[in-house]
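Chemist: Prediction below, plus the sequence it came from.
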Amino acid sequence: MKKYFLVAAILNIFLLTSCSKNLMFNRQVNIKYREKNPLESIRVNSLKGDVDITGWSKDFVEIDTNKKIFTGLASDINLMDTVFYFDEVYKELNIKTKIPTRINGSIDIKIFVPFTLLKLYINSGEGDVTVNKHLGDIELVSSSGNNDIDFQGNILRINSYKTKTFLKVLSYSSSDIIINSEEGSLNSYIYSVGDASYLDIATLNVTVNLSISQDIDHKLIVKNKSKGINVKYDLDDPNSIQGTYNIFTGNYGKKYQEFIIDINSEGGAIDVSQIISKEPTERRFY
């Protein structure tokens, strides 16, 4: 009987040693892709991983992908992939990550895009999204991560769930911005917008902090259920109604009709203030 126990013990040690050679933690594989065809838009579908997009003066797109696997077999990393497809009709580059459900890994994507790119479509399942120095329009759908967006275009759409969003708007043309967010926080800094601009924010269980440059004339309409509305500067023709929905309206400047701000919220506090200092030097997620 002792011999059987000894053989079993030796076999277990052998199996553990063999398996440990195939187990990898934080293994990474980098892949680079370059697209020289003229583009009008880029569409990114990311299952799990960070998406970082930066504008530059070059006339081509460069992409770095970083596959990471945290637990499991070393060979599992080969089952993760990023697919690139160029649509010649719409002049659109499609980027899609593929990660099998059983694999504990992620794929980070870093993209450099020309300043001439017209539009970004981003769908992020899990991970942080950063957009910087992009001059075109943005449509973003995200969940379970941080959004850090510098917006300088005409049209911005954000639909987020369980995210912390930091938005900086620095546009000199007419801007149409719509943000829908559920659970998390939204910190928006409006430094400049063109005439005939519009900002529409609808949230559920989201803390909203909106800061507007003191140089921007605007009309403010805020509706909030169950939580407070805190406007930290003086407005012309202020009007406040308390009820099931707390409503606050007011105007700032003579050209207030050129920028309409409409906020509808349930279950989250709203703070509206003016920007006196220069641009923030660091991102802040509350």
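Modeler: Arrived safely.
Chemist: so Phe60 touches Arg34, yeah?
Modeler: Yes: here Phe60 reaches Arg34: they are 6.2 Å apart, a contact under Cβ atoms under 8 Å. Heads up, the C-betas are built off the backbone N, CA and C, glycines and all.
Chemist: higher neighbour count, the two?
Modeler: Phe60 (14 against 10; other Cβ atoms under 10 Å).
Chemist: Can you tell me the closest non-neighbouring residue to that one?
Modeler: Spatial nearest neighbour of Phe60, chain neighbours left out: Lys36 (4.6 Å); criterion: Cβ to Cβ, 6 or more residues apart in numbering.
Chemist: what do you get for Glu88?
Modeler: Asn37 (7.7 Å).
Chemist: any idea how far the one you found is from Glu62?
Modeler: Distance of Asn37 to Glu62, given as Cβ to Cβ, to the nearest Å: 13 Å.
Chemist: These two: which is more packed in?
Modeler: Glu62 (16 against 11).
Chemist: hang on, the more buried one packs against Ile111?
Modeler: Yes: with contacts counted by Cβ under 8 Å, Glu62 reaches Ile111, the gap being 7.5 Å.
Chemist: In terms of residue numbering, what are the domains of the protein?
Modeler: Domain assignment for the chain, taken from automatic domain parsing, gives 24-110, 136-277.
Chemist: Tabulate these in JSON lines, adding columns for distance to Gly125 and mean pLDDT.
Modeler: Below are the domains of the chain laid out as JSON lines (distance: least, Cβ to Cβ, whole Å; pLDDT from 0 to 100):
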{"stretch": "domain 24-110", "distance to Gly125": "5", "mean pLDDT": "90"}
{"stretch": "domain 136-277", "distance to Gly125": "7", "mean pLDDT": "96"}
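Chemist: Kindly reformat the ones you listed as CSV containing distance to Gly127.
Modeler: Output for the domains of the chain, formatted as CSV (distance: least, Cβ to Cβ, whole Å):
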stretch, distance to Gly127
domain 24-110, 5
domain 136-277, 5
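Chemist: and among the ones you listed, the most buried is which?
Modeler: domain 136-277 (a mean of 18; mean count of other Cβ atoms under 10 Å).
Chemist: is it true that Ser75 lies in a strand?
Modeler: No: for Ser75, which was evaluated using DSSP: H, G, I helix; E, B strand; the rest coil, the result is helix, with no strand membership.
Chemist: quick one: it and Ala202, what's the gap?
Modeler: Counting by Cβ to Cβ, the separation of Ser75 from Ala202 is 46 Å.
Chemist: What of Gly125?
Modeler: 22 Å.
Chemist: Isn't Tyr189 up against Phe151?
Modeler: No: in this structure, Tyr189 is not within contact of Phe151 by Cβ under 8 Å, at 10.2 Å.
Chemist: quick one, what contacts the residue nearest to Gly72 when sequence neighbours are not counted?
Modeler: Excluding its sequence neighbours, the residue lying closest to Gly72 (Cβ to Cβ, 6+ apart) is Asn104, at 5.9 Å. Neighbour list for Asn104: Ile69, Phe70, Thr71, Gly72 [criterion: Cβ atoms under 8 Å, 6 or more residues apart in numbering].
Chemist: Just the ones of those in helices?
Modeler: Among those, the subset assigned to helices under DSSP state H is empty.
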